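S.K.: Sequence plus predicted model, see below.
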Amino acid sequence: MNRQAELIVSDFDGTLRRTEGGISEGNVRAIKDFVASGGVFAFCTGRMLSSIMPYAKSLGLEGLIVAYQGAVIADIASGKLLRDVRMPCADAAEMCSFLHGLGRHIHVYDGDDVYMNRDDEMKRYYEAVCGVSGILTQEDIAKTVVEKAICPQKVLAMNEKEENQDIYRRVQARFGEKYDVTSSSEFLVEITSFGCNKGGALEFLSQYYQIPLDKTAAIGDNYNDIPMILKAGIGIAVKNGVEEIRRQADFVTRTNDEDGVAYAIRKFGLGEQE
């Protein structure tokens, strides 16, 4: 076996998850074959822990799982948190007030709870895709953050596709010097504490498993995945990924609907693909 990667870390939405939902049989088989051969496979996602954990358990994965872009790292079997980085309540409230002033649909993430300021189609779409139920607040969600003294792991704005880049630029300009601002899809802008990006999460996993970074591979599709594909020994983008991640990747695999993760695993983790 010509294994180039001992640790393979994959994003979920847009990368492993099919467009219509779920994980394909081809991807399931490749992940299980890689793990059976002695490799380590892990999820690294912007999703909340309760949203991604069922998929890890359905695959029979053991070890660690990364949520909230890296703000949370947990043990799958026990649920124990090895990392739980939160932002101060006052900063979160300021973010929410800023986003409220921009007329945004806002989410505030507090562990397994997600607070949402609007009961609209965006709320229902997000709940359906992620399998969670949002806690509805008043429109000015900053007031809820202050009243409940919430120190969240992440604050998020949902936007129409044509607005997303403008909202990203505005949020980056306001908070980018103190916080990580990123986008995991064409309608999301997300804010986490500095260091809580996927590159830092990959480094944490590398150290935890004692696998050198040059023996790791990371697979993603969007801007929030760029830090980990740059950090990894082999940075991999799915073909359906944004242009920037495809440009910076070492290798572009097949799309998320063509078992792109499986192809990468078999090529770099099992040495099967030419």
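M.R.: Nice, thanks for sending it over.
S.K.: Show me where the stretch 1-150 of the chain has its helices.
M.R.: 25-36, 49-58, 89-101, 121-130, 141-147 (DSSP state H, counting those that start in this stretch).
S.K.: One more: the stretch 151-274 of the chain?
M.R.: Using DSSP H, counting those that start in this stretch, helices in the stretch 151-274 of the chain cover 161-175, 198-209, 226-231, 243-248, 260-264.
S.K.: so where's the chain shaky on pLDDT?
M.R.: Applying pLDDT under 70 to the chain flags residues 1, 273-274.
S.K.: ok, back up a step: quick check: which of the helices of the stretch 1-150 of the chain is nearest to F187?
M.R.: helix 121-130 (8.1 Å; Cβ to Cβ). All C-beta spots, glycine's among them, are computed from the backbone N, C-alpha and C.
S.K.: quick one: buried residues of the closest one?
M.R.: For helix 121-130, the neighbour count (16 or more other Cβ atoms under 10 Å) marks M122, K123, Y126, C130 as buried.
S.K.: angle of it against helix 49-58?
M.R.: Angle, helix 121-130 to helix 49-58, by axes from the mean of the first three to the mean of the last three Cα atoms, to 10 degrees: 30 degrees.
S.K.: which residues are contacting helix 121-130?
M.R.: 13, 21, 47-48, 51, 105, 107, 116, 132-134, 136, 158 (Cβ atoms under 8 Å, 6 or more residues apart in numbering).
S.K.: returning to that earlier point: put together TSV for the buried residues of helix 121-130, with distance to E186 on each row.
M.R.: What follows is the buried residues of helix 121-130, written out as TSV (distance: Cβ to Cβ, whole Å):
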residue	distance to E186
M122	13
K123	18
Y126	14
C130	16
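S.K.: Of these, which is the nearest to N256?
M.R.: C130 (16.5 Å).
S.K.: Check the spacing between that closest one and L64 real quick.
M.R.: 20 Å (Cβ to Cβ, to the nearest Å).
S.K.: again with Q248
M.R.: For Q248, the distance to L64 - Cβ to Cβ - is 25 Å.
S.K.: Give me the buried subset of the contacts of helix 121-130.
M.R.: Applying 16+ other Cβ under 10 Å to the contacts of helix 121-130 flags D13, R47, M48, S51, H105, H107, M116, V132, G134, M158 as buried.
S.K.: quick revisit: so which of Q248 and L64 has more stuff around it?
M.R.: Just comparing Q248 and L64: by other Cβ atoms under 10 Å the higher neighbour count belongs to L64, 23 against 13.
S.K.: which ones are touching that one?
M.R.: A42, I73, A74, D75, I76, L82, L205, Y208 are the contacts of L64 under Cβ under 8 Å, 6+ apart.
S.K.: From those, list just the buried residues.
M.R.: For the contacts of L64, buried by 16+ other Cβ under 10 Å: A42, I73, A74, I76, L205.
S.K.: May I see the helices of the stretch 1-150 of the chain arranged in JSON lines, with distance to A232 as well?
M.R.: Below are the helices of the stretch 1-150 of the chain laid out as JSON lines (distance: least, Cβ to Cβ, whole Å):
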{"stretch": "helix 25-36", "distance to A232": "15"}
{"stretch": "helix 49-58", "distance to A232": "20"}
{"stretch": "helix 89-101", "distance to A232": "30"}
{"stretch": "helix 121-130", "distance to A232": "26"}
{"stretch": "helix 141-147", "distance to A232": "35"}
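S.K.: circling back to that earlier point, between the contacts of L64, which sits nearest D112?
M.R.: The closest of those, once distances to D112 are taken by Cβ to Cβ, is A74, at 11.1 Å.
S.K.: Quickly list the domain ranges of the protein.
M.R.: With domains defined by automatic domain parsing, the chain comprises 7-84+196-269, 89-193.
S.K.: Single out the most deeply packed of those domains.
M.R.: Comparing the domains of the chain by mean neighbour count (mean count of other Cβ atoms under 10 Å), domain 7-84+196-269 comes out on top with a mean of 21.
S.K.: which residues sit in contact with S24?
M.R.: R18, D259, A262.
S.K.: Now tabulate those residues in CSV and tack on distance to S97.
M.R.: Shown next, in CSV, are these (distance: Cβ to Cβ, whole Å):
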residue, distance to S97
R18, 38
D259, 44
A262, 44
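S.K.: list the contacts for D33?
M.R.: I265, R266, L270.
S.K.: and of the residues you listed, the nearest to M87?
M.R.: Distances from M87 to the contacts of D33, taken by Cβ to Cβ, are shortest for I265, at 34.6 Å.
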